[in-house]
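Asker: take a look and give me a structure for this.
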Amino acid sequence: GLEANVVCAVGFNEGILPRSNCDDSQVEETARLVYVSMTRTDKDLHLFHARTRDASITYLKQSFSLKPSRFLEAIDKQYREDRYYRPPSSIK
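Answerer: The predicted structure is shown next:
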């Protein structure tokens, strides 16, 4: 298969990866696709999730918190580095 020096994947939030309405077989298929994407790098892998969703983006009345995907939680802490960044709009 194709490989890249750096692989970046976004959307690692519960309800997105996997989708909230998935049955067990769909979760397994999503997990397989995540695994394939993770194994396509030969140097750096970056997996992103949002901690909050701004109301102005979602057209809801208020912002809300998001939970990281179970796929991120399944990665042993010794094999990952968690970094959090504030959105540019909140930096003053």
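Asker: next secondary structure after the helix or strand of the chain with the lowest mean pLDDT?
Answerer: Every helix and strand in the chain was compared by mean pLDDT, DSSP states H and E; the lowest is helix 55-58, with a mean of 68. Going down the chain from helix 55-58, the next helix or strand is strand 64-65, by DSSP states H and E.
Asker: adjacent strands (with direction) for that following strand?
Answerer: Paired with strand 64-65 in the same sheet, following DSSP bridges, are strand 52-53 (antiparallel).
Asker: next one: the longest helix seen in the chain to chain centre, how far?
Answerer: In the chain, assigned by DSSP state H, the helix with the most residues is helix 24-38. Using C-alpha atoms, centre = their mean, to the nearest Å, the mean C-alpha position of helix 24-38 is found 13 Å from that of the whole chain.
Asker: check which element follows it along the chain.
Answerer: Per DSSP H and E, helix 24-38 leads on to strand 41-47 as the next helix or strand towards the C-terminus.
Asker: and the spatially most central residue of the chain, what does it touch?
Answerer: In the chain, the residue lying closest to the centroid (C-alpha atoms, centre = their mean) is residue 12, at 1.7 Å. Neighbouring residues of residue 12 by C-beta atoms under 8 Å, 6 or more residues apart in numbering: 47-49, 68-69, 71-72. C-beta coordinates here come from the backbone N, C-alpha and C atoms, glycine included.
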